[in-house]
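> Using only what follows, build the 3D model:
(4 chains)
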2 protein chains.
Amino acid sequence: MNKRADNLNTHSIAFLAKCLADENRLRILLCVSKEKKSVSRIVEELGLSQPLISHHLKELKRALLVKVERSGPFVYHEMTDQRILIILAGLDELGAALLSDRITF
Amino acid sequence: MNKRADNLNTHSIAFLAKCLADENRLRILLCVSKEKKSVSRIVEELGLSQPLISHHLKELKRALLVKVERSGPFVYHEMTDQRILIILAGLDELGAALLSDRITF
DNA sequence: TTAACATATAAACGTCTATATATATAATTA
DNA sequence: TAATTATATATATAGACGTTTATATGTTAA
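This is a model prediction of the structure:
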């Protein structure tokens, strides 16, 4: 642990960040963060088109951020690792902090 | 703290993630994470063109990830918040974990 | 002011990406 | 088998993004 700045894998970080850099993809990811859900359920809950959800799920899967499980005609997706949530919460907090600190410039 | 998944600001998160989603930008950010550096020094250390560095610094500044300070003809840039490093380390670790867990599928 | 240096900006280009529309595959049920 | 539901894929398009080249702005020193 305790890696130094010059020892980080920028390639890997950029790859993950890219996958987290779309708002719809984030909403989908958060949507399946607590329990696995079928594609159609995600479509319902988020109000996005089915092909769009399917496309983004493919990206999330490619980045290993969600795992897939088929059951009959349904395909269930679920967030692979809860540490993702910690990172997202960290980004959320950072964003707020940067904005509030900005006022004191 | 301890925000729940449905209480996160996806807009803000996506905005920050987008800024972290480019490898050159990450290298620049890490380059100025320990001390403030002039543009020309960053150019030297990273071996990228000056307009390219300048462009990415502008993006980093827009996202409030770096702060700027002018001294004579030099413009110094420095990472605004050390928490950024924690997040990057988290992404780095997550990337490695996702890859190693993948083998056990 | 002129020269030299540091940095920023602008335009142009190719590439990537998000999205929509349309269609196809796959599984279930009647 | 046909019909229905669930999901994936294919194609097209518009916009965003990273990079390069060329040029401009700004600062210092002679």
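> In the lengthiest helix in chain A, which residues are buried?
For chain A, the helix that runs over the most residues, judged by DSSP state H, is helix A:83-102. Buried residues in helix A:83-102, counted by 16 or more other Cβ atoms under 10 Å in any protein chain shown: A:I84, A:L85, A:I87, A:L88, A:A89, A:G90, A:L91, A:D92, A:E93, A:L94, A:G95, A:L98. C-beta coordinates here come from the backbone N, C-alpha and C atoms, glycine included.
> And for stretch A:25-44?
Buried, per 16+ other Cβ under 10 Å, within stretch A:25-44: A:25-33, A:36-39, A:41-43.
> go on, stretch A:65-75?
Neighbour-count burial for stretch A:65-75, counted by 16+ other Cβ under 10 Å, picks out A:L65, A:V66, A:K67, A:V75.
> do stretch A:52-60 as well
So, applying 16+ other Cβ under 10 Å, buried residues of stretch A:52-60: A:I53, A:H56, A:L57, A:L60.
> what does it rub up against?
Residues from elsewhere that reach stretch A:52-60, judged by Cβ atoms under 8 Å, 6 or more residues apart in numbering or on different chains: A:19, A:22, A:24-25, A:28-29, A:39, A:42-43, A:46, A:66, A:68, A:77.
> Tabulate those residues (JSON lines), appending distance to DNA strand D.
Formatted as JSON lines, the contacts of stretch A:52-60 follow (distance: Cβ to the nearest atom of the strand, whole Å):
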{"residue": "A:C19", "distance to DNA strand D": "14"}
{"residue": "A:D22", "distance to DNA strand D": "10"}
{"residue": "A:N24", "distance to DNA strand D": "14"}
{"residue": "A:R25", "distance to DNA strand D": "14"}
{"residue": "A:I28", "distance to DNA strand D": "11"}
{"residue": "A:L29", "distance to DNA strand D": "15"}
{"residue": "A:V39", "distance to DNA strand D": "4"}
{"residue": "A:I42", "distance to DNA strand D": "8"}
{"residue": "A:V43", "distance to DNA strand D": "7"}
{"residue": "A:L46", "distance to DNA strand D": "13"}
{"residue": "A:V66", "distance to DNA strand D": "10"}
{"residue": "A:V68", "distance to DNA strand D": "7"}
{"residue": "A:H77", "distance to DNA strand D": "8"}
